[in-house]
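>>> No letters, just coordinates:
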């Protein structure tokens, strides 16, 4: 947690089972769907520099996509209002993943696992969280720059904000020191799943590796407007009903690659994330002025659908973190 020039670190447990070392703010961790905030920051930076427009369509920028998706705009992708089916929820995707855990396909091929090219609803008419959206956002970034998304991310977000410990790897290795992730649904002791799946299977939608310290720097800069102009930020902060996954604290509302969390302590902007593949749950948020930020990293997947009795406690932890942030 950081505010002004100061930082605070609160920890419980150890970096991995059998170890004695407590977590540190410099430990690497898989950030899961918080990666969507990074792809949003990259795209909105390009919007601010007139390389993209929020009204740019999939059909104009990304070749080889289904005709049904061609009129979907960047604005709709960033706001999870595209209607494009989620590739990651299909049996075909899960079968391919299990068969090649460490060998992901090229990013654009991830979208081939979408269950049907038909849209689920008219673009812009409703909210529906979809991992497909941010894959297309990153492909748009590649198209208009002629460069790999990883390079655009580095140039537009990581370097300007000084995020030297953040990356988007393809392979499964996680350099130490790291916060190991665990599957707590198995019988017996929790299973270390830190390197079970290569991040390339979720790419721009969930594959980023960072540290709690870098996450605080990122969300403060992103929310504070360090990467985008005022006009773009105003468009980003127009919210509609919609929640991140897992839900964040309080009442959730969806902007463009950013969520507003209205809590009993006040509201913050940020993103959550989790994945059972690598055993992580994340909460990354900042005060509206960007002067303070918080990163909560938990080394197990805790979701409302998992039936875990810990889920209510998780949201309370998130909310208490907001309380500490806004009271400093």
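All right, it came through fine. Every value quoted in this text rests on a predicted model; they were computed, and no experiment measured them.

>>> you'd agree residue 47 is up against residue 232?
Yes. Here residue 47 lies in contact with residue 232, judged by Cβ atoms under 8 Å, at a distance of 5.1 Å. All C-beta spots, glycine's among them, are computed from the backbone N, C-alpha and C.

>>> which parts of the top strand by length along the chain are buried?
Residue-count comparison of every strand in the chain, with assignments taken from DSSP state E, identifies strand 266-275 as the longest. By neighbour count, and taking 16 or more other Cβ atoms under 10 Å as the criterion, the buried residues in strand 266-275 are 267, 268, 269, 270, 271, 272, 273, 274, 275.

>>> my read: the fourth one touches residue 282, true?
No. In this structure, residue 270 is not within contact of residue 282 by Cβ under 8 Å, at 9.7 Å.

>>> follow-up on the earlier one: quick check: which helices or strands does the longest strand of the chain pack against?
helix 35-48, helix 212-223, strand 259-263, strand 280-286, helix 310-327 (3 or more Cβ pairs under 8 Å, 6 or more residues apart in numbering; DSSP states H and E).

>>> if we go to 10 Å?
With contacts defined as 3 or more Cβ pairs under 10 Å, 6 or more residues apart in numbering; DSSP states H and E, the secondary structure elements packing on strand 266-275 are strand 29-30, helix 35-48, helix 212-223, strand 251-254, strand 259-263, strand 280-286, strand 292-298, helix 310-327.

>>> Now distance to residue 94 and mean pLDDT too, for these, in TSV please.
Formatted as TSV, these follow (distance: least, Cβ to Cβ, whole Å; pLDDT from 0 to 100):
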stretch	distance to residue 94	mean pLDDT
strand 29-30	19	96
helix 35-48	20	98
helix 212-223	28	97
strand 251-254	26	97
strand 259-263	27	98
strand 280-286	19	96
strand 292-298	24	96
helix 310-327	23	91
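
>>> between these, which one is nearest to residue 93?
Distances from residue 93 to each of those were compared using Cβ to Cβ; the shortest belongs to helix 35-48, at 17.3 Å.

>>> Now that closest one: buried residues?
Taking 16+ other Cβ under 10 Å as the basis for neighbour counts, the residues of helix 35-48 that come out buried are 35-48.

>>> ok, now stretch 192-199?
Judged by neighbour count (16+ other Cβ under 10 Å), stretch 192-199 contains these buried residues: 192, 193, 194, 195, 196, 197, 198, 199.

>>> ok, so of those, who is nearest residue 300?
Relative to residue 300, the closest of the buried residues of stretch 192-199 is residue 193; by Cβ to Cβ it sits at 9.7 Å.

>>> Surely that closest one touches residue 17?
No. Taking Cβ atoms under 10 Å as the definition, residue 193 is not a contact partner of residue 17, at 12.0 Å.

>>> what is in contact with those two at once?
The overlap between the contact sets of residue 193 and residue 17 (Cβ atoms under 10 Å, 6 or more residues apart in numbering) consists of 180, 182, 299.

>>> Need these in CSV (columns: pLDDT).
Formatted as CSV, the entries for these read as follows, by pLDDT from 0 to 100:
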residue, pLDDT
180, 96
182, 94
299, 92
